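*Asks:* Mind looking at a prediction? Sequence and model below.
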Amino acid sequence: MNQDMQVVILCGGVGTRLREETEFRPKPMVNIGDRPILWHIMKYYSYFGYKDFVLALGYKGEMIKNYFCHYELMNNDIAIELGRPERTYIHYAHDEAGWKITLADTGEKALKGARLKKIEKYITGDTFIMTYGDGIADVDINQLLAFHKAHGKIATVTGISPASQFGELKTDGDRVEAFREKAQDGEGLVSGGFFVFNRAIFNYLTTDDLCDFEIGPLEQIAKEGQLMVYKHRGFWACMDTLRDMEFLNKIWNDGTAKWKIWK
């Protein structure tokens with residue numbers, strides 16, 4: 001696989017259902033253990049060799065900028081000589097060397113489609129990966145990309161089960177016939193994020209802040225037979241509520257987090 005491929009992460013939502021935490025920070029910066037869930041997502045992709053990230057920022061996006069702008073100082077030992085700032089020395093010890101991170105302000109009130117369209121100028125290849133800044137899984141990224149390459153359509157969505165409050169997928173084999181924003185029952189597959197797109201996705205989007213993603217663009221792409229589903233039967237979870245946060249922290253702390261595949 002082309003490991004220069006970029007990973008877009010939507011980080012702009014307000015996270016109203018997790019108000020206990022998001023009143024003070026954007027949801028992607030809520031911790032699992034001692035690191036933000038955003039870091040866990042990026043760490044997971046980097047395990048497969050994908051280290052070029054484009055973060056679409058919105059609500060309290062300055063906190064995400066701050067985190068990465070000060071990452072080297074806050075995650076390594078440093079030696080300084082007061083009065084001689086040029087003699088500051090960083091004792092590099094972290095394993096995130098090589099991460100390239102574009103921090104793009106896409107507006108505090110923009111919907112997902114608008115956020116994605118606004119980062120189009122930073123996408124350099126014909127194909128890119130996209131996910132949300134609040135979901136984590138043990139999806140095999142290389143198999144996902146191989147599936148996308150094999151079918152040749154515009155878009156691939158990772159389908160998970162069971163159905164829940166997330167967007168339901170009406171499928172015919174691996175093709176998505178319809179994309180419904182909310183599941184109508186408790187059966188079938190739902191969207192788990194972990195998308196792969198060809199550049200043609202941008203033709204369905206606008207920079208208008210009211211341009212949504214699931215409602216409208218994905219529905220249209222599905223109608224045109226250009227949306228395929230990669231079926232994932234493994235672990236998937238999101239940080240949508242306080243209960244979700246507590247669950248993710250529990251399995252991280254007791255060593256059973258399925259996404260923790262790096263050393």
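*Replies:* Thanks, I have the structure now. Numbers count the residues shown, from 1 in each chain.

*Asks:* After the one helix or strand in the chain whose mean pLDDT sits lowest, heading C-terminal, what element do we hit next?
*Replies:* Lowest on mean pLDDT, DSSP states H and E among the helices and strands of the chain sits strand 168-172, with a mean of 74. Downstream of strand 168-172, the next assigned helix or strand under DSSP states H and E is strand 175-180.

*Asks:* What helices and strands are in contact with that next one?
*Replies:* Applying 3 or more Cβ pairs under 8 Å, 6 or more residues apart in numbering; DSSP states H and E, we find strand 175-180 packed against strand 168-172, helix 219-223, strand 227-231. Every C-beta, even on glycine, is put in place using the N, C-alpha and C of the backbone.

*Asks:* Just give me how far that strand sits from the chain centre.
*Replies:* Mean-position distance between strand 175-180 and its chain equals 21 Å (Cα atoms, centre = their mean, to the nearest Å).

*Asks:* chain center to the least confident helix or strand of the chain, what's the gap?
*Replies:* The chain centre lies 22 Å from the centre of strand 168-172; the measure is Cα atoms, centre = their mean.

*Asks:* wait, what's in contact with the closest residue to residue 223 other than its chain neighbours?
*Replies:* Closest residue to residue 223 apart from its sequence neighbours, by Cβ to Cβ, 6 or more residues apart in numbering: residue 178 at 7.4 Å. When contacts are counted by Cβ atoms under 8 Å, 6 or more residues apart in numbering, residue 178 is found next to 169-170, 219, 222-223.

*Asks:* In ChimeraX, select just the buried ones from the residues you listed.
*Replies:* To isolate the buried ones among those in ChimeraX, judged by 16 or more other Cβ atoms under 10 Å, type:
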select :169,219,222
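
*Asks:* Would you convert the contacts of residue 178 into TSV that also reports distance to residue 3?
*Replies:* Below are the contacts of residue 178 laid out as TSV (distance: Cβ to Cβ, whole Å):
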residue	distance to residue 3
169	28
170	33
219	32
222	29
223	33
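
*Asks:* between the contacts of residue 178, which is nearest residue 73?
*Replies:* If you rank these by distance to residue 73 using Cβ to Cβ, residue 169 comes first, at 43.7 Å.

*Asks:* my read: that closest one touches residue 192, true?
*Replies:* No - Residue 169 is beyond contact range of residue 192, at 9.8 Å (criterion: Cβ atoms under 8 Å).

*Asks:* shared neighbours of these two, anything?
*Replies:* By Cβ under 8 Å, 6+ apart, residue 169 and residue 192 have these common neighbours: 157, 159.

*Asks:* give me every residue that touches residue 103.
*Replies:* The contact partners of residue 103, taken as Cβ under 8 Å, 6+ apart, are 55, 57, 61, 64-65, 68.

*Asks:* ok so it is a strand residue?
*Replies:* Yes - applying DSSP: H, G, I helix; E, B strand; the rest coil, one finds residue 103 inside a strand.

*Asks:* And the pLDDT for it?
*Replies:* Reading off the confidence values, residue 103 has pLDDT 98.

*Asks:* gap between it and residue 41?
*Replies:* Distance, residue 103 to residue 41, using Cβ to Cβ, to the nearest Å: 15 Å.

*Asks:* Okay then, goodbye and thanks.
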